[in-house]
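[1] what follows is a predicted protein model with its sequence.
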Amino acid sequence: ELKRFEDGSIGVVASEGATGAELLAVSHPIAFLEGSLGSPPSVEDLHVSLLEAELSPAVSKVLSYLPRRPAVAVVQPTAAVQPSTAVQPLTPACGDPAADAAAARPSTQQQPLQTAFPEQLEMPPSMAHLLVPFWDRVGTFGFDKLSSKQLMRMLQASCWSEEVQDPAASQVRHERPTGFIGIWPEFAFMRHSCAPNTSVVVVDRYMLLHATDEIPAGQEFTVNKLGGIIAAPVAARQAAHLELFGRPCRCSRCQLEQQVPEGVQEQLQSVYDKAQAEWPSRLQSALESAETSDPAATAELLSELQAEVALELESLDEALGEYISDPDDRRLVLCGVYAAYDLAWQMEELLQDTPDLDRLTNCVALLRLFARGSESHVYSAMALDELYSARAQALSEEAARRKNKTLARQKQLTTQIQRLLAEAQTTAFANAEAITCRYGLLPEEGLVQQLQQGLTMFYAGLSALSAAKGEGSDAVPGMTRNLTIEGIPVTVVDTVEGSAFAGDEGTEVGRSGVAAAGQRVKVDWLEAAQGADEPGLDEAAALEAAAEQALAAAVAQIEAEGAAGQQLTATT
């Protein structure tokens with residue numbers, strides 16, 4: 001339900017208690033624009049689209065309720081602070097350089113933040129008043145539509161934009177992942193927190209809101225509305241929040257960080273600045289020079305950089321420990337230098353054949369505090385779980401091979417295996433928590449594995465595409481995954497470009513099976529669709545169902561011809 005707070009802003013509180021991973025809302029947008037992968041439409045694009053559209057009185061009425069950016073800046077932000085004009089969510093910080101660009105670099109001097117009281121908007125009597133069908137029924141008598149300037153200010157404070165719709169769900173649904181921007185009224189009234197208690201997923205335009213923690217009745221639902229700046233120190237977060245909403249952020253994380261002595265805040269800011277510019281630049285220079293310089297010299301440069309980053313983080317942690325005794329509170333402050341921890345893990349992967357997983361564990365622990373249930377959190381927790389499980393499995397196999405070794409060595413291996421298995425159990429729990437905080441408790445068997453595999457494929461595709469562009473190639477790379485259909489091993493090849501349904505009209509789009517002996521069968525999507533008239537399926541689902549049936553029949557035919565057990569390739 002809606003609630004007006006002391007500063008005049010309106011937020012959403014729990015009318016009854018919610019448990020972690022509980023689905024809070026499924027919201028349909030009243031305005032939505034799609035872009036391309038990594039390139040969402042701008043807030044200006046959405047503004048023009050709404051001005052050109054003939055909005056119904058009901059839609060205009062709902063838009064008039066939504067929060068707006070202050071007409072005049074309350075305080076001039078630091079020159080280096082440039083908050084985004086569009087409200088964007090946290091972009092993946094693990095393996096995605098876009099997250100670094102999203103965060104601003106504020107001055108080490110904190111500006112005095114004045115409490116602002118933007119124009120007092122009418123609070124809807126209930127959440128039902130945010131539904132367009134409600135106003136279609138009751139009518140909007142004597143209502144004045146928003147002006148162009150009012151509409152722009154509303155968009156700047158109330159829209160939501162991402163570089164891609166949920167990539168894991170897009171892979172499972174065989175859809176092209178695209179950037180987007182839209183307006184979801186229920187979400188627009190949720191206030192920002194730098195340690196939010198909900199997660200946001202957009203699938204096929206629908207926004208799914210899940211609780212990421214136990215939320216008792218009366219407690220506020222919060223979300224990240226600052227984008228990548230949420231991973232910056234408090235000065236940048238406060239400046240961005242003030243510019244967007246006309247008031248400072250008063251979340252628990254900001255209050256805790258503001259109590260840290262100025263000298264430690266400056267140290268925190270220094271580490272953040274280096275992690276945004278100096279250290280990545282030095283890392284990139286070392287990698288670029290690796291092709292022409294002595295490998296040993298490159299390794300030495302990287303080792304020096306890694307040692308410097310580790311020393312800075314250790315020094316910062318010690319400085320915070322003098323004022324903050326609680327490890328969780330100290331970690332909450334360290335979320336402002338997440339980029340440095342992420343960089344430390346990247347260099348560990350580069351330099352070590354067997355990386356120290358504690359560095360990735362640190363990343364997951366920080367993401368759990370300020371971005372729980374985010375795509376970055378899910379991907380990092382999944383990677384950590386897989387690495388620990390793989391190491392435990394490898395060590396178990398080694399122990400099995402060394403049965404004839406000394407008793408001391410066997411005991412040593414047993415101790416190592418037990419420790420790894422305990423760590424693997426902990427990381428498996430952390431992985432499950434991240435997934436449920438993002439997608440909720442999924443009842444369908446196998447869907448979690450499909451989402452995990454889809455997310456892995458998506459990041460593998462981005463890496464392959466980046467590598468291809470780095471080599472000057474325009475070819476679209478493909479990624480493979482192994483499946484088994486009717487007992488026959490099948491390799492599925494996906495391309496970065498996405499869905500088979502993205503082909504132009506008249507383009508031959510199909511799924512094919514190829515046996516190792518050279519046998520080939522191809523089922524055209526359009527021909528297969530003619531035999532698909534299952535009730536309740538949309539056109540895309542009918543196409544896929546028919547093509548899967550035809551491919552299965554072709555596989556059975558090849559098997560009958562004596563090709564059982566041979567490798568097949570299914571290309572989508």
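    It's in.
[2] switch to C-alpha atoms for all contacts and neighbour counts from now on
    Noted.
[3] residues touching His210, list them.
    His210 makes contact with 20-25, 198-200, 437-440, according to CA atoms under 8 Å, 6 or more residues apart in numbering.
[4] including secondary structure and neighbour count, could the residues you listed go into CSV?
    Below are those laid out as CSV (DSSP: H, G, I helix; E, B strand; the rest coil; neighbours: other CA atoms under 10 Å):
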residue, secondary structure, neighbour count
Gly20, coil, 18
Ala21, coil, 25
Glu22, coil, 21
Leu23, strand, 21
Leu24, strand, 17
Ala25, strand, 15
Thr198, strand, 28
Ser199, strand, 25
Val200, strand, 22
Cys437, helix, 28
Arg438, helix, 26
Tyr439, helix, 23
Gly440, coil, 22
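[5] what is the helix or strand hosting Val378 packed up against?
    Using DSSP states H and E, Val378 maps to helix 375-401. With contacts taken as 3 or more CA pairs under 8 Å, 6 or more residues apart in numbering; DSSP states H and E, helix 375-401 sits against helix 357-370, helix 407-439, helix 447-470.
[6] give me whichever of these is most buried.
    Of the helices and strands packed on helix 375-401, the one with the most neighbours on average (mean count of other CA atoms under 10 Å) is helix 357-370, at a mean of 21.
[7] and that helix, what does it pack onto?
    Applying 3+ CA pairs under 8 Å, 6+ apart, we find helix 357-370 packed against helix 327-334, helix 338-351, helix 375-401.
[8] starting at the chain centroid, how far to the helix holding Val378?
    22 Å (CA atoms, centre = their mean, to the nearest Å).
[9] go on, stretch 297-317?
    The answer for stretch 297-317 is 28 Å, by CA atoms, centre = their mean.
[10] buried set for it?
    298-299, 301-303, 305-306, 309-310, 312-313, 316-317 (16 or more other CA atoms under 10 Å).
[11] next one: stretch 127-139
    Under the neighbour-count criterion of 16+ other CA under 10 Å, stretch 127-139 has 129-132, 135 buried.
[12] need the distance between the two termini of it.
    End-to-end span of stretch 127-139 (CA to CA, to the nearest Å): 17 Å.
[13] kindly report the same for stretch 437-455.
    Stretch 437-455: ends 16 Å apart by CA to CA.
[14] do the same with stretch 395-412
    Across stretch 395-412, first to last residue, CA to CA, it's 11 Å.
[15] can you give me the helices for the stretch 51-200 of the chain?
    Here the stretch 51-200 of the chain has its helices, by DSSP state H, counting those that start in this stretch, at 57-65, 98-102, 132-138, 148-158, 167-172, 185-188.
[16] how about a markdown table for these, with mean pLDDT and distance to Pro40 added?
    What follows is these, written out as a markdown table (pLDDT from 0 to 100; distance: least, CA to CA, whole Å):
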| stretch | mean pLDDT | distance to Pro40 |
| --- | --- | --- |
| helix 57-65 | 91 | 21 |
| helix 98-102 | 39 | 13 |
| helix 132-138 | 89 | 25 |
| helix 148-158 | 92 | 15 |
| helix 167-172 | 89 | 14 |
| helix 185-188 | 94 | 19 |
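[17] Leu283 is nearest to which of those helices?
    With CA to CA as the measure, helix 98-102 is the member of these nearest Leu283 (14.2 Å).
[18] burial measure for Trp444, as a count.
    Trp isn't right for residue 444; it's Glu. Glu444 is flanked by 7 other residues according to other CA atoms under 10 Å.
[19] pLDDT at it, what is it?
    What the model reports for Glu444 is a pLDDT of 75.
[20] measure it to Ser199 for me?
    On the measure of CA to CA, Glu444 and Ser199 end up 21 Å apart.
[21] now do Gly20
    Separation of Gly20 from Ser199 (CA to CA): 11 Å.
[22] now do the shared contacts for those two.
    210-212, 437.
[23] so what's the residue lying closest to Arg368 once chain neighbours are set aside up against?
    Leaving aside its sequence neighbours, Arg368 sits nearest to His377 (CA to CA, 6 or more residues apart in numbering; 6.6 Å). Contact analysis of His377 by CA under 8 Å, 6+ apart lists 364, 367-368, 371, 434.
[24] now render the residues you listed as a markdown table, adding distance to Asp144.
    Shown next, in a markdown table, are these (distance: CA to CA, whole Å):
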| residue | distance to Asp144 |
| --- | --- |
| Val364 | 49 |
| Leu367 | 44 |
| Arg368 | 44 |
| Ala371 | 39 |
| Ala434 | 45 |
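[25] nearest to Leu244, of those residues?
    Ala371 (20.0 Å).
[26] the closest one against Ala195, yeah?
    Yes. Between Ala371 and Ala195 there is a contact at 7.1 Å, judged by CA atoms under 8 Å.
[27] ranking the helices and strands packed on helix 357-370 by burial, who's on top?
    Of these, helix 338-351 is the most buried (mean count of other CA under 10 Å), at a mean of 21.
[28] next, the angle from it to helix 357-370.
    Angle, helix 338-351 to helix 357-370, by axes from the mean of the first three to the mean of the last three CA atoms, to 10 degrees: 150 degrees.
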